[in-house]
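A.B. asks: Predicted coordinates and the sequence they were generated for:
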Amino acid sequence: MRVFTRRIVVVGTGYVGLTTGACLASLGHRVVCSDVDAAKIRRLSRASVDILEPGLEELVRDGLDSGRLTFVVASASVVAEAEMVFLCVPTPMGADGGADLAAVESVTREIRDQLPHGCVLVMKSTVPVGTSARIAELVRRSDVAVVSNPEFLREGSAVRDFLRPDRIVVGSAGQDAAERVAALYARLGAPTVLVDAASAEMVKYAANCFLATKLSYVNALAELCERSGANIADVTAGMGHDRRVGRSFLRPGPGWGGSCLPKDTHALMRISEAVGFDFALLRAAISSNVRQRERMVDKIAEACGNGRANSLAGVRIGVLGLTFKAGTDDLRDSPALAVARLLVERGAELVAYDPGLRADDPHLEGIVTLVDDAYQAAKSAAGLVLLTDWQEFRTLDWPRLAAVLDGPVVVDTRNQLDPEVVRRAGVSWHGVGHPPIRA
Ligand SMILES: NC(=O)C1=CN([C@@H]2O[C@H](COP(=O)(O)OP(=O)(O)OC[C@H]3O[C@@H](n4cnc5c(N)ncnc54)[C@H](O)[C@@H]3O)[C@@H](O)[C@H]2O)C=CC1
Ligand SMILES: O=C(O)[C@H]1O[C@H](OP(=O)(O)OP(=O)(O)OC[C@H]2O[C@@H](n3ccc(=O)[nH]c3=O)[C@H](O)[C@@H]2O)[C@H](O)[C@@H](O)[C@@H]1O
């Protein structure tokens, strides 16, 4: 297939922007990535990537070496040559729960007069329904099209997800601009959904909120299993074989988190409220997720506590994992960190190990002491708590852990461990959606 090389500017070099820029360069396009963070741009210009994403640093290095990928600080200075400009800036949760569009709007104002005739402004950031239309008004140019092209990559597998997407969604009022954006991805061979901009914007929230609701359902089912004597692993295995249900996103845990599911569920609540729709189902999914974290803390207090109801005063607990999921160093809205904070509020002293984190991470100050391995975290602890599903936790040396633990108990909030291996080492296992297995 013939590949048309496009001149592309990507604004914002975070998980989405950097992955988009590096991957589009690897597909043969000429990409300039810009960011307001000058130090980050200096590092990226030396192919130094400061997020944990398999394959990303290699792609950045290849892009720099080939000359197809460059990094700059000021966006306005480089868009004049661009055929397409991708906005990949943050849209964090605002004070009212809705998406804060300040960065999207400020970049638009900064670049609108520099955009060349025929340029397409592509909204890759997750934005509420109607934002592309509002941005088009802000651009004030009939010769510049605004197209919605939401991103569905996951952290920890961003490059793979970008290059092997389940689908590409492009939303626009204009057929020509939408087709130009879709053509960028033609080599990936993914199904392409061409819709209007509002529908494309809604697809992004609809998908993330569906996943969040699915997880809240599974976590609630796990609680029901605990109360009724069923085993959640067997239940989800039985459900997952039904292709209409699917096997993925059925693992119970300490609640769902990360930089997107929490903010996007709240944003869709605000979007619903704005049009007078009471999205009770989604509200329940959100509150059930808050409750899930508290339920885990109660479970931990019961298993590791000092016998006094709800108090963990002076109780030392070893923590395995703090990031919001395995394979990432991202702590944004991490359920593991939320549980850790609640444990500290109840008086616990936490010593934690996480393979993705450095001891000087500023988010951890005053919450946990970070150590270099699981055995140091377990030393003299009244119990161990597994909060993130890192693969390496599956192969821990349980006799070695049992020898250093004060209290022979582990609360496995991700059902990651083999309870039988743990029990044989003399440690009691408390999972989720399953009766405890006592040593
Ligand atoms: N993180 C993820 O897995 C996914 C995120 N998204 C969405 O993509 C958007 C970006 O998210 P992330 O990449 O996670 O954000 P991030 O926080 O990792 O990176 C954002 C980058 O934008 C830069 N930036 C901020 N304001 C800027 C400005 N005015 N001009 C230029 N650069 C600016 C920041 O310095 C930072 O480098 C959000 O809307 C998010 O909801 C969508 C799919 C996946
Ligand atoms: O918009 C976004 O930012 C992205 O949000 C999620 O991706 P991500 O935040 O990387 O994380 P997920 O892999 O979806 O996990 C989200 C949370 O659910 C939890 N989870 C996931 C799956 C599961 O079975 N059980 C479970 O508890 C994870 O531990 C994590 O806390 C979506 O999966 C992406 O498609 C989307 O692009």
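C.D. replies: Nice, I can see it. Model, not experiment: these values are computed from the prediction. Numbers count the residues shown, from 1 in each chain. Ligands and ions are numbered 1, 2, ... in the order given.
A.B. asks: Residue numbers of this protein in contact with ligand 1?
C.D. replies: Residues of the chain lying close to ligand 1 by C-beta under 6 Å from any ligand atom are 11-17, 34-37, 40, 75, 88-91, 103, 106-107, 125-126, 151, 153, 155, 259-260. Quick note: C-beta positions are derived from backbone N, CA and C, even for glycine.
A.B. asks: In strands only, show me those.
C.D. replies: The strands, defined by DSSP state E, take in Val11, Ser34 from the residues of the chain next to ligand 1.
A.B. asks: Could you identify the buried members of the residues of the chain next to ligand 1?
C.D. replies: Listed as buried from these are 11-17, 34-36, 40, 75, 88-91, 103, 107, 125-126, 151, 153, 155, 259-260; burial here means 16 or more other C-beta atoms under 10 Å.
A.B. asks: show me what contacts Val107?
C.D. replies: Val107 sits next to Val11, Gly12, Ser75, Leu87, Val89 when contact means C-beta atoms under 8 Å, 6 or more residues apart in numbering.
A.B. asks: One more: Arg358?
C.D. replies: Listed by C-beta under 8 Å, 6+ apart, the contact partners of Arg358 are Leu370.
A.B. asks: Among the contacts of Val107, which one lies nearest to ligand 1?
C.D. replies: Among these, Gly12 lies closest to ligand 1 (C-beta to the nearest ligand atom), at 3.1 Å.
A.B. asks: so the closest one touches Val89, yeah?
C.D. replies: Yes - using C-beta atoms under 8 Å, Gly12 is in contact with Val89, at 4.0 Å.
A.B. asks: just the contacts of Val107: which has the poorest pLDDT?
C.D. replies: Of all the contacts of Val107, Ser75 carries the smallest pLDDT score, 79.
A.B. asks: Skipping its backbone neighbours, what lies nearest that residue in space?
C.D. replies: Nearest non-adjacent residue to Ser75, counting by C-beta to C-beta, 6 or more residues apart in numbering: Ser34, 4.3 Å away.
A.B. asks: Model confidence for the one you found, exactly?
C.D. replies: For Ser34, the pLDDT comes out at 97.
A.B. asks: What about the residues of the chain next to ligand 1, which are in helices?
C.D. replies: Judged by DSSP state H, these include Tyr15, Val16, Gly17, Lys40, Ala103, Ser106, Val107 as members of helices.
A.B. asks: all helices for the stretch 301-439 of the chain, in order.
C.D. replies: Ranges of helices within the stretch 301-439 of the chain are 335-345, 374-378, 398-404, 419-424, based on DSSP state H, counting those that start in this stretch.
A.B. asks: Mean neighbour count and mean pLDDT added to the ones you listed, as JSON lines?
C.D. replies: As requested, the helices of the stretch 301-439 of the chain are exported to JSON lines (neighbours: other C-beta atoms under 10 Å; pLDDT from 0 to 100):
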{"stretch": "helix 335-345", "mean neighbour count": "22", "mean pLDDT": "97"}
{"stretch": "helix 374-378", "mean neighbour count": "22", "mean pLDDT": "98"}
{"stretch": "helix 398-404", "mean neighbour count": "16", "mean pLDDT": "98"}
{"stretch": "helix 419-424", "mean neighbour count": "16", "mean pLDDT": "97"}
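A.B. asks: between those helices, which gets nearest to Gly130?
C.D. replies: Gly130 lies closest to helix 335-345 among the helices of the stretch 301-439 of the chain, at 30.8 Å (C-beta to C-beta).
A.B. asks: from the chain's centre, how far out does that closest one sit?
C.D. replies: Centroid separation between helix 335-345 and its chain, computed with C-alpha atoms, centre = their mean, to the nearest Å, is 18 Å.
A.B. asks: ditto for stretch 209-220
C.D. replies: Distance of stretch 209-220 from the chain centroid (C-alpha atoms, centre = their mean) equals 15 Å.
A.B. asks: Please report how far Pro399 lies from ligand 2.
C.D. replies: According to C-beta to the nearest ligand atom, to the nearest Å, Pro399 stands 29 Å off from ligand 2.
A.B. asks: is it true that that residue touches Ala425?
C.D. replies: Yes - contact criterion C-beta under 8 Å: Pro399 and Ala425 qualify, at 4.8 Å.
A.B. asks: and the helix or strand where Lys263 lies, average pLDDT?
C.D. replies: Here Lys263, judged by DSSP states H and E, is contained in helix 261-274. What helix 261-274 shows for mean pLDDT is 98.
A.B. asks: for that helix, packing partners?
C.D. replies: The contact analysis (3 or more C-beta pairs under 8 Å, 6 or more residues apart in numbering; DSSP states H and E) places helix 261-274 against helix 197-228, helix 280-304.
A.B. asks: Grab the nearest non-local neighbour of Arg61.
C.D. replies: Nearest in space to Arg61, with sequence neighbours left out and distances taken as C-beta to C-beta, 6+ apart, is Ala47 at 4.1 Å.
A.B. asks: Surely the one you found is in a helix?
C.D. replies: No - according to DSSP: H, G, I helix; E, B strand; the rest coil, Ala47 belongs to no helix; its state is coil.
A.B. asks: what sits against the residue of the chain at minimum distance from ligand 2?
C.D. replies: Ranked by C-beta to the nearest ligand atom, the top residue of the chain for proximity to ligand 2 is Cys260, at 2.9 Å. Neighbouring residues of Cys260 by C-beta under 8 Å, 6+ apart: Thr126, Asn208.
A.B. asks: distance of it from Ala267?
C.D. replies: According to C-beta to C-beta, to the nearest Å, Cys260 and Ala267 sit 10 Å apart.
A.B. asks: tell me, what's touching these two both at once?
C.D. replies: Jointly contacting Cys260 and Ala267 under the rule C-beta under 8 Å, 6+ apart are Thr126.
A.B. asks: For stretch 183-196, which residues meet the burial criterion?
C.D. replies: For stretch 183-196, burial by neighbour count (16+ other C-beta under 10 Å) applies to Leu184, Tyr185, Ala190, Thr192, Leu194, Val195.
A.B. asks: Run the chain-centre distance for that stretch.
C.D. replies: Remark: stretch 183-196 is offset 23 Å from the chain centroid, using C-alpha atoms, centre = their mean.
A.B. asks: Check the separation of the first and last residues in that stretch.
C.D. replies: When the termini of stretch 183-196 are compared using C-alpha to C-alpha, to the nearest Å, they are 17 Å apart.
A.B. asks: What of stretch 20-33?
C.D. replies: In stretch 20-33, first residue to last residue: 9 Å (C-alpha to C-alpha).
A.B. asks: Would it count as contacting ligand 2?
C.D. replies: No - Stretch 20-33 lies apart from ligand 2 when judged by C-beta under 6 Å from any ligand atom; the minimum separation is 12.1 Å.
A.B. asks: How many residues are close by Gly130?
C.D. replies: For Gly130, the neighbour count with other C-beta atoms under 10 Å is 14.
A.B. asks: okay if I get the helices of the stretch 301-439 of the chain as a markdown table plus distance to Ile367?
C.D. replies: Compiled in a markdown table, the helices of the stretch 301-439 of the chain are given as follows (distance: least, C-beta to C-beta, whole Å):
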| stretch | distance to Ile367 |
| --- | --- |
| helix 335-345 | 6 |
| helix 374-378 | 14 |
| helix 398-404 | 22 |
| helix 419-424 | 26 |
